[in-house]
Structures are given as C-alpha cells and as structure tokens.
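Peer 1: can't give you the sequence, but here's the structure:
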C-alpha cells in the first residue's frame with residue numbers, strides 16, 4: 001500500500017502563500033496520479049489538484065486555478081498555494097487519484113495521508 005505524508009500547513013493572512021509537501025513511498029500503475037484534496041468538518045471533501053504519475057499532466061479545480069500549482073520532484077509532490085483566501089481554510093490531504101482527475105472536485109482517492117491544516121485568516 002502506498003504511504004503518503006503531508007507537511008507544510010500553517011496559518012497565513014489572506015493573500016499569503018504556503019507550500020505543501022507530500023512524500024510518496026512509491027509510484028505504481030495502480031492509480032493515475034497524486035492529488036490534493038481538502039476537507040472542512042461537516043462538508044464533503046473537494047479535490048483541488050492532481051498530477052499524472054506517467055504523463056505529468058496537471059489538473060486543477062476551478063476554485064484554485066491560477067492560484068495553486070502542483071509539481072513533482074522524484075518522491076515529493078508539492079502544492080504551491082498563492083493568494084490564499086479564507087475559503088481555502090481546510091485540512092489538506094495528498095492521495096492517490098484513481099478516477100475522476102478530469103473533474104477534480106469529485107475525484108476518487110485511493111490512499112491518503114494524515115493531512116495538514118491550512119488556516120487563512122486576518
């Protein structure tokens with residue numbers, strides 16, 4: 001089973017930036033890519049970004065397009081988040097994307113890490 005570990009969360013003011021990191025234990029053909037989703041208590045999780053393991057293609061939810069950038073360097077997957085807004089506040093998870101990467105808000109995730117809290121507040 002793929003193991004994932006997120007880091008890099010924190011508290012920032014609106015307009016600020018954070019970079020989340022995800023260490024991935026192995027890349028296999030059992031899933032399309034690695035993605036990030038976020039969840040607020042009481043709400044459904046929302047897929048925000050994905051990068052294809054083999055083709056390197058990137059996908060973004062409309063809510064973060066132009067502000068977030070996903071990238072990969074060997075066993076690390078990053079999510080650079082700029083111009084953060086209060087509505088970006090959530091626990092962010094990285095995980096294996098198994099389906100629906102072309103429509104991220106409802107993409108399917110197979111495995112994921114323990115999450116990292118991102119809080120955007122003035």
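Peer 2: That came in fine, so what should we check first? As the structure is a computational prediction, the values presented were derived from the model and not from experiment. Numbers count the residues shown, from 1 in each chain.
Peer 1: helix, strand, or coil at the residue nearest the centre of the chain?
Peer 2: Nearest to the centroid of the C-alpha atoms of the chain, with distances taken as Cα atoms, centre = their mean, sits residue 36, at 1.8 Å. What DSSP: H, G, I helix; E, B strand; the rest coil gives for residue 36 is strand.
Peer 1: that one contacts residue 81, doesn't it?
Peer 2: No - Residue 36 is beyond contact range of residue 81, at 9.4 Å (criterion: Cβ atoms under 8 Å). Every residue, glycine included, has its C-beta placed from N, CA and C.
Peer 1: shared neighbours of these two, anything?
Peer 2: Residues touching both residue 36 and residue 81 by Cβ atoms under 8 Å, 6 or more residues apart in numbering: residue 20.
Peer 1: burial count for residue 53?
Peer 2: Residue 53 has 20 neighbours, counted by other Cβ atoms under 10 Å.
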